[in-house]
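Chemist: dropping a prediction and its sequence here:
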Amino acid sequence: MSEKHDPIITLRISRAVQENPSVKTIYFDYPLKAKPGQFVMLWVPGIGEKPMSISFCDGKSFGVSVSAVGEFSKAAIKLKAGDLAGFRGPFGTHFTLGKEKTLLLVSGGCGCAPLAFLADEALKRGKKVFYMQGAKTRDLLFFTERMKKAGAEVAVSTDDGSAGSRGFATDLLKSALQKNKSGKICTCGPEIMMKKVVEISDGSKIPCELSLERYMKCGIGVCGQCSVDPLGIRMCTEGPVIKKELVKKISEFGKYRRDASGRRVPI
């Protein structure tokens, strides 16, 4: 635990972009030293704070993408440029970029947030990036144009077939693997999707890293709220990004998670 991360840094929001009907990216002009996959604890005055994945960071400014789900996030997406908000961080582990020449990124829902940041960094290093995103319908997609402009090869799927191919992000991964049998898979999104990604990774004998979301209260490993069964590791410090070899030791993966009270909630 590092005390230098504890104080909340309060700033005025530099800009806010509505990505789709339920997702907004909030930007701060602040030189955050973050790596893809890490998160900040976003603070909304009068409401509280919640962990948010960093979806953009260039050393001069950074952004977090918020999906309207609960009380906090519904308040957060009402924020606009000029409003005051705060953050602590960055926290947690991050995706790694090694000698692999190709990255296969598989996202669903707001899972595209940390993967977009990762894609930006990988492309800067000259790596080939297959960026795959699944959504229920066309209106829920976001960051796809940003990824195309950055230089990634983009493929999308929707449950209803309104954009891209009809099906799931895992179908896109299978197709991408037919073109490229090497590299590394990185994934973030619904847990059922990620469980299937791990299985596909095993079948293809390709390394895989994933971002595992759990209820985080403190963000610095003190409260233990985000510990997972049976290992007891904390997703805010030993995670959220972990290798598939570790996630396969987590018995709750793909089955349940715990809510704020510690009660098991089936996935």
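Modeler: Sure, I can see it. Numbering: from 1, shown residues only.

Chemist: and the closest residue to residue 128 other than its chain neighbours, what does it touch?
Modeler: Leaving aside its sequence neighbours, residue 128 sits nearest to residue 102 (CB to CB, 6 or more residues apart in numbering; 4.6 Å). Where you see a C-beta, it was placed from the backbone N, CA and C, and this is true even at glycine. With contact set as CB atoms under 8 Å, 6 or more residues apart in numbering, residue 102 has these partners: 127-130, 180, 182-184.

Chemist: kindly report the same for residue 190.
Modeler: Per CB under 8 Å, 6+ apart, neighbours of residue 190: 108-109, 111.

Chemist: do you know how far it is from residue 159?
Modeler: Counting by CB to CB, to the nearest Å, the separation of residue 190 from residue 159 is 12 Å.

Chemist: thinking again about what came up before, take the contacts of residue 102 and keep only those in helices.
Modeler: Judged by DSSP state H, helices contain none of these.

Chemist: could you dump those residues into a markdown table with pLDDT and neighbour count added?
Modeler: Listed next are the contacts of residue 102 as a markdown table, based on pLDDT from 0 to 100; neighbours: other CB atoms under 10 Å:
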| residue | pLDDT | neighbour count |
| --- | --- | --- |
| 127 | 96 | 20 |
| 128 | 96 | 16 |
| 129 | 97 | 23 |
| 130 | 96 | 23 |
| 180 | 78 | 15 |
| 182 | 81 | 13 |
| 183 | 91 | 20 |
| 184 | 96 | 22 |
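
Chemist: which single one of those residues is nearest to residue 83?
Modeler: Within the contacts of residue 102, the smallest distance to residue 83 is 33.4 Å, found for residue 129 (CB to CB).

Chemist: once you drop chain neighbours, what's closest to the closest one?
Modeler: Closest residue to residue 129 in three dimensions, ignoring its sequence neighbours and counting by CB to CB, 6+ apart: residue 152, at 4.1 Å.

Chemist: just the helices in this protein please.
Modeler: Remark: helices assigned in the chain by DSSP H are 71-76, 112-124, 144-150, 169-179, 191-204, 244-247.

Chemist: and these, which is most packed in?
Modeler: With neighbours defined as mean count of other CB atoms under 10 Å, these peak in mean count at helix 112-124, which reaches a mean of 25.
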